[in-house]
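K.L.:
how would this look folded up:
(chains A and B)
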Amino acid sequence: MTAQESNRVVGIDVGGTFTDVFMVDDRSGEFTVAKVPSTRGDEELGFLAGVRAAVDSFDEIGAVIHGTTVGTNALLERKGATTGIITTAGFADVLEMRRRDRPNTWGLWGDFIPIVERDMRLEVAERTGADGTIVQEVDQAAVTAQAQVLLAAGAEACCIAFINSYANDENERLALDAVRLVWPNDHVTSAALLLPEVREFERTSTGAINAYLQPVVGGYIERLEVALADGGFGGRFFIVQSNGGVMTSTAARALPVRTALSGPAAGVIAGAHLAAAAGFSNVITCDMGGTSFDVAVIANGEVVSGAQTSVDYGLVIRTPMIEISTIGAGGGSLAWVDAGGILRIGPESAGSVPGPACYGRGNGRPTVTDAHLVLGRLNGERPIGGLDQLDTRAARDAVRREVAEPLGLSIEEAAEAILRIATSRMAGALRLVSIERGHDPGEFIAMPFGGAGALHSCGLLADVGLSAALVPRYPGVTSALGCTVADARHDVVQTLNLAVADLADQAAVAALTERLGRNEAAVRSFLDDSGMVLDDVSVSVVLDMSYVGQTHTVSVPVGNLDTLSQANLLGAFEKKYEDTYGRVLESIAVRVLSARTTVVGTRPKIDPAALAPHPDATVPPAGERNVFFDGEWRPTAIWPRLELPSGWLCEGPAILEQPDATIVIEPGFIAEVDALGNVVITNASGS
Amino acid sequence: MTTLDPVTLAVLQGRLEQLVDEMDATLFRSAFNPIIAEAHDASHGIYDRTTGATVAQGSSGLPVFVGSMSGAVSLIIDRTAEEGGPGEGDIWVFNDPYRGGTHLNDMKLVQPFFRDGELFCWLASVGHYTDVGGAVPGNYNPSATESAQEGVLIPPVRLVDGGELRSDIVDLVCAISRVPANAYGDLFGQLNALKLGVSRLTDLLDEFGAATVSTAFVELTARAASLMRSNIAALPDGTHSIDDFLDNDGSVDQPIQVSLDLTIEGDRLVLDFTRTAGAATGPVNISKSTAIAACYVGLKHIFRDVPANAGCLEPVEVRIADGSLLDASWPRPVAGYTETILRIMDLIFGALAEVDPAISNGSSYGTINALSIAGHQPSGDRWVMFTFYGGGLGGSPVSDGLSHGNAPLSTATIPPIEILESAYPVRYTRWALRPDSGGAGKHRGGLGADYEIELLDESAEVFAFGDRGRFPPPGVAGGGPSALNRISFDVAGDELIPPLASKIVGVKLHKGDRVRIASPGGGGYGDPSDRSLEAIERDLRLGYTTVEGSGT
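P.N.:
Coordinates of the predicted model:
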């Protein structure tokens, strides 16, 4: 079989500890999962080992879709390329001056090292006004001269970022041409072409990060392309973007800034797909690993997106992306009692090295994982994470010394307290993304995944008032599965700065329609150029609107461009504003700040029914052990999760184990295996 | 009263902090003026039923409001006591700075929260309004000598009366402003935040019960006090005296002394400011509640782990002489309160550095440089571009100071110049780090900035309120001072330097004229001769310091 005919799609997520693979045959629905150790620093080795673990030969594969953290890690570790910036005279320090913030509300310590240092940020005389007028034309020879200075100083990549270039990119385009003439590679970014949106720091930062990552991410993807081809792979290679859509590896090499949340985004996409198949359209995904707890919201079947993120202090990326909120609460988060006698969890973490006290690698302070082990919730004889067994005695000692004794509690009470506080912090994160955004948590389910997510499901249900938790069949490879089901997607954001009052004029409406139409054509051609096989392509337009004077906007969807009118826009804005804030303000003018145009191309997806277990198996418990719940040790049945048939039902307490995750069903909760093999946990009292 | 188990207490602490954070977020998103929406010059909190003491305060709002809002709430407690207690469904609005703290721009909304017909606690919202009348747009009037010249003072009045919004009061709050639409939008933003707070707190009480939450209020304050005591007890006993100066008060060109004698006695801390100058003619006075709030912020920056509630100040005694610079009463002008409280914080950093250099840091740039450029639109309406500018933070035990940070009293960000240029007839011609502005030290102070703005309109007036033009932010532990603040104007080709250094009223600009601000950096930390050669070379290579400027 040739690659073109193959229906085998490999999704591969390279995380900090493991590289996860999910391979599916689009036609037959057959699938394979694999997990191999990641190779930090040489991620391609783990990547290739992972693909080999899933297939016999690369030529059997039709497509590889990859979720990567190479870009994020390069940023966090400041290991991008030597990069230069060429900017407007007087503004070389925009990147370093940020928006005049500081790292923490309380405490004034710490400084900021920008990714492009001051001697690599050069200026040229040029200026565009806020209304788009060219105040001073750029001299291309001057730009070329500065580019040569940067090259001589060792720059591998270059970003051009001029003031007000969002309003008119003429000078920046001329400068881009001038740099390209002398630049020896493709690593040149125009901030305005990447992001024609107002706010000079955010645009410069986004452009500079793109340039900074181009050689690193580009080189990584190129090495993967070569290695795949050498192995006989003749299919297509895609990368997951932060917005949850896929792009071609070629596009990713030019737009690496869009991969900042690539891996986590894939997990959210999987969550949306699996939940939809199970009949849920309102979902909060909860990805819990060793150091962090990431949550994202799917409302009415749509993944909630945000406009920007900070990868680290001052490293701002502004591009449409899945809104993923992270708190520092993972299995490795340390528990401690402060001098005022209050129990706290994190933000310090034992990470995976040295890891929790029970890993026996030199950390003597208790972590969330230690508390689970002390209470019998985790199986010390069969841990995940590559260890042979966990040291329960070390975990008990740590909990006793650091928490139980200072608080006057028994060891078990102290461990329960640690879990309660940790769960409460996670619940806080869930509340922030649901209640704060006006969602009723009772209408949402949690979808826990990652190694540790399903340990806390019951506590989260009780704390936040969610209706159920749905644990996917393979929680440990959720992101890899998400890679295989992600759609193709591309966004364009354009600042318009239009007064709605001016749209009384039909010509102005026509001009706006024409402009939005051009953006639509641009995003469509981006997908057309990718050569992807797509079932359906749809374009949506959202306008960021506000009352004049406000700097924050609400997102107003525009339906049919042909029926765009002042009255329609105003009505849609007022409805959205009232939904958000509960009132409309009289007699204040309204404006349109920006337009966001998004194209989505639907790709063929695995039917989650393929993951379903055999319906009629009768499975005995794998064993029983004492687990501490609500102040007492209780004999608790242990069930082999992957063998449980559809329709299987049990009341807590119970523990469901599988190679890459443990599910805890607390007393008062019911677990049921649905037709697709998901475990659905609900509160037995029905509330 | 029963004590709470440590687990419930920790859970409630998190829930209360989250609740007030959500109130902050609601106002930031729906406010109209960028000082609230972008600069986060606002705050929300929960306050004790009988004393008005802070129970919980949002972490994203302006730190200095943490203490001062408690004074605002206690004003309403006293006021309603005269009427036989607060009414359910009432919300009070006022901007009285003398008991409510800070200055006239800060509009306070205070609401009693009832549970089962009984007063349970208070909720409050404060936000900085663009303009509240008076002689100078934006209200930073350095030449004011009495309150009436600074703006209109609104005493406590009911904005909402028994659940009914009073449109006449809404009209009043808008009418005193040069930009009434902003005031209107901000006022409703604050009402949105209070509405959300009431709803969240109701949920919390439904879930945990009023008695438990009430016990937690008391317990959390006690825990913060105990944590603060243990922090103080860890420091050696002794007294450290330190002085600093404001350039002048905007009217009389004489330095104004601000002094601190800091004493540690076991687990108690005395902050004695009685050697500070008497009341000033110009607007650098602050009320006592503002002074105490400034102490709180200064201490919280050093003792970061203490929760943000009134317990933090329980082991701390603040001594202020009656009627002095730090105990202003009506009609003393107070608009420039920010400069004086920054002096208080720097004194605390300086004195604590003498107690133990490992816990403190150099002074910050020490001035908010409030700059207001005002003109008229063709329609006759006003335009007012009001912005605070940044500077460097002090060097610390761990690193050089942050360049171009925000002042310790706030968490404000600066608006993008592209937003400013699209809203006002100005063009920025320079926005850069200021070389040689950080104080020398083992860890150098962060750099201040050079800003330059050109007027595009036919004419406009400029008002500037800054300080540190004559007395630079000092370093600690042997670190040197930063550069001085420098404000100047290009008027018809001539350079104008304000006679009072950084304070000036009504400079007339015409098209093409420019305003320049060169802000201070932060004070240095540690002996400059201990600075590594590598760091010195890097500073020179990157132009953070120059050969001429460093004298090397």
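K.L.:
Quick check: end-to-end length of stretch A:219-239?
P.N.:
14 Å (Cα to Cα, to the nearest Å).
K.L.:
Now do it: everything it contacts.
P.N.:
Applying Cβ atoms under 8 Å, 6 or more residues apart in numbering or on different chains, the contact partners of stretch A:219-239 are A:2-4, A:6, A:43-44, A:47-48, A:51, A:57-59, A:61-68, A:70, A:246-249, A:251-253, A:259, A:262, A:531-532. Just so you know, the C-beta spots here come from the backbone N, C-alpha and C atoms, and that holds for glycine as well.
K.L.:
filter those to the buried ones?
P.N.:
The neighbour count (16 or more other Cβ atoms under 10 Å in any protein chain shown) marks A:3, A:6, A:43-44, A:47-48, A:51, A:58, A:61-68, A:70, A:246-249, A:251-253, A:259, A:262, A:532 as buried among the contacts of stretch A:219-239.
K.L.:
Quick one: classify the closest residue in space to residue A:194 that isn't next to it in sequence as helix, strand or coil.
P.N.:
Closest residue in space to residue A:194, ignoring its immediate chain neighbours: residue A:207 at 5.4 Å, by Cβ to Cβ, 6 or more residues apart in numbering or on different chains. Secondary structure state of residue A:207, per DSSP: H, G, I helix; E, B strand; the rest coil, is helix.
K.L.:
So which bits of the helix or strand hosting residue A:515 are buried?
P.N.:
Taking DSSP states H and E as the definition, residue A:515 sits inside helix A:506-530. Going by neighbour count (16+ other Cβ under 10 Å), the buried part of helix A:506-530 is A:508-509, A:512-513, A:516, A:519-520, A:523-524, A:526-527, A:530.
K.L.:
cool, and stretch A:399-414?
P.N.:
Per 16+ other Cβ under 10 Å, stretch A:399-414 contains these buried residues: A:399-404, A:406-407, A:409, A:411-414.
K.L.:
Could you export it as PDB, CA atoms only?
P.N.:
What follows is stretch A:399-414, C-alpha atoms only, in PDB (Å, rounded to 0.1, in the frame of the first residue of the first chain):
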ATOM      1  CA  VAL A 399       3.400  13.900  55.800                       C
ATOM      2  CA  ARG A 400       3.800  13.300  59.600                       C
ATOM      3  CA  ARG A 401       6.800  15.600  60.000                       C
ATOM      4  CA  GLU A 402       5.700  18.500  57.800                       C
ATOM      5  CA  VAL A 403       1.900  18.500  58.200                       C
ATOM      6  CA  ALA A 404       0.400  16.100  60.800                       C
ATOM      7  CA  GLU A 405       2.600  17.200  63.700                       C
ATOM      8  CA  PRO A 406       2.500  21.000  63.100                       C
ATOM      9  CA  LEU A 407      -1.300  20.800  62.800                       C
ATOM     10  CA  GLY A 408      -1.900  18.200  65.500                       C
ATOM     11  CA  LEU A 409      -3.600  15.800  63.100                       C
ATOM     12  CA  SER A 410      -3.100  12.100  62.500                       C
ATOM     13  CA  ILE A 411      -1.000  11.100  59.500                       C
ATOM     14  CA  GLU A 412      -4.200  10.000  57.600                       C
ATOM     15  CA  GLU A 413      -6.100  13.200  58.600                       C
ATOM     16  CA  ALA A 414      -3.100  15.300  57.400                       C
END
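K.L.:
what sits up against it?
P.N.:
If you take Cβ under 8 Å, 6+ apart as the criterion, stretch A:399-414 is touched by A:335-337, A:341, A:343, A:364-366, A:370-371, A:374-375, A:396, A:415, A:417-418, A:628, A:631, A:633, B:6.
K.L.:
Double-check residue A:344 against residue A:418; I have them as touching.
P.N.:
No. The criterion here is Cβ atoms under 8 Å, and residue A:344 misses it with residue A:418 at 9.9 Å.
K.L.:
Which one of these two is surrounded by more residues?
P.N.:
The neighbour count for residue A:344 versus residue A:418, taken as other Cβ atoms under 10 Å in any protein chain shown, is higher for residue A:418 (30 against 20).
K.L.:
Tell me how many other residues surround residue B:115.
P.N.:
Neighbours around residue B:115, by other Cβ under 10 Å: 15.
K.L.:
excluding its backbone neighbours, what's nearest it?
P.N.:
residue B:210 (5.2 Å).
K.L.:
isn't the one you found right up against residue B:113?
P.N.:
No. Contact criterion Cβ under 8 Å: residue B:210 and residue B:113 do not qualify, at 10.8 Å.
K.L.:
Tell me the backbone dihedrals of residue A:269, please.
P.N.:
phi -60, psi -40 (degrees, to the nearest 10).
K.L.:
Identify the residues contacting it.
P.N.:
Counted by Cβ under 8 Å, 6+ apart, residue A:269 has contacts A:240, A:244, A:303, A:482, A:485-486.
K.L.:
Many thanks, have a good one.
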